[in-house]
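Trainee: coordinates only, sequence not included:
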């Protein structure tokens, strides 16, 4: 079955370190998204991509970057991890503006 | 910027009672309205999607309505069961884009 997978599922890192969260989907969807989820805030969009070589900033993009070199992958990089970036990160993909599929999440703790 | 609000933040009901979850949005120019379920420690699962031209959508015990003019959607869950305990989120993409704006969710507990 086609799926969307995130790795690592859990990570603890130190302030100032660079961290990359991987997202891989096997549906060949053009649209991919990264969200973070914090208590009381719901899901907030970090970055998104509508195709290879296309990347766009979401509402909370400061301190994050993404790259899209193929259809399947959209890695999220924290350039210099900060305690405020402790959160749960969700990757998602969709073929259009309709049904969207989410990964299981990556729990990141910055100490 | 689309603002999506869900009230109440938490809800506890006895088994068998019908659930009514509310979602409001500020910009009526939406492509669709989506309801998701999230179990603790898990990702989001799509429950229902209402196209902007539709007024409601049904799946089993779930029924969702959409009133764009008032900026509201309601998710009804009939005859609730303990297995319905989860967080329910609504989200809407703008009419000219695919990215979703989410509400903070309503956490539902169904007591056996």
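Mentor: Sure thing, it's come through. Everything quoted here is computed from the prediction, not taken from an experiment.

Trainee: Residue 47 sits in which helix or strand?
Mentor: No chain specified, so I'll use chain A. strand A:42-51 (DSSP states H and E).

Trainee: actually it's chain B I care about, not the one you picked
Mentor: Using DSSP H and E, residue B:47 falls within strand B:44-51.

Trainee: Next secondary structure after the strand holding residue A:47?
Mentor: With DSSP H and E setting the assignment, the helix or strand that follows strand A:42-51 is strand A:54-57.

Trainee: how about the residues of chain B that lie near chain A?
Mentor: Residues of chain B that fall close to chain A, judged by CB under 8 Å from any CB of the partner chain: B:1, B:4, B:31-32, B:34, B:41-46, B:49, B:89, B:91, B:93, B:97-105. Every residue, glycine included, has its C-beta placed from N, CA and C.

Trainee: among the residues you listed, which ones are buried?
Mentor: In those, burial by neighbour count holds for B:4, B:31-32, B:34, B:43-44, B:46, B:49, B:89, B:91, B:93, B:98-105, counting by 16 or more other CB atoms under 10 Å in any protein chain shown.

Trainee: sorry, back to before: and the angle for the strand holding residue B:47 with strand A:42-51?
Mentor: 70 degrees (axes from the mean of the first three to the mean of the last three CA atoms, to 10 degrees).

Trainee: OK, contacts around residue A:57?
Mentor: Going by CB atoms under 8 Å, 6 or more residues apart in numbering or on different chains, residue A:57 touches residue A:47.

Trainee: What helices and strands are in contact with the strand holding residue A:47?
Mentor: strand A:31-38, strand A:54-57, strand A:64-66, strand B:86-92, strand B:101-102 (3 or more CB pairs under 8 Å, 6 or more residues apart in numbering or on different chains; DSSP states H and E).

Trainee: Determine how far the second one lies from the middle of the whole chain.
Mentor: This points to strand A:54-57. 12 Å (CA atoms, centre = their mean, to the nearest Å).

Trainee: May I have the strands that pair with it, each with its orientation?
Mentor: strand A:42-51 (antiparallel) (DSSP bridges).

Trainee: Disregarding flanking residues, what is the spatial nearest neighbour of the residue at minimal distance from the centre of chain A?
Mentor: A centroid search over chain A (CA atoms, centre = their mean) returns residue A:34, at 3.2 Å, as the residue closest to the centre. Residue nearest to residue A:34 in three dimensions, not counting chain neighbours: residue A:46, with 4.4 Å by CB to CB, 6 or more residues apart in numbering or on different chains.

Trainee: do you know how far the residue lying closest to residue B:32 once chain neighbours are set aside is from residue B:20?
Mentor: Closest residue to residue B:32 apart from its sequence neighbours, by CB to CB, 6+ apart: residue B:51 at 5.1 Å. Relative to residue B:20, residue B:51 is positioned 22 Å away (CB to CB, to the nearest Å).

Trainee: show me the contacts for the residue lying closest to residue B:12 once chain neighbours are set aside.
Mentor: Distances taken as CB to CB, 6+ apart place residue B:109 nearest to residue B:12, at 4.4 Å, with adjacent residues excluded. By CB under 8 Å, 6+ apart, residue B:109 lies in contact with B:10-13, B:85.
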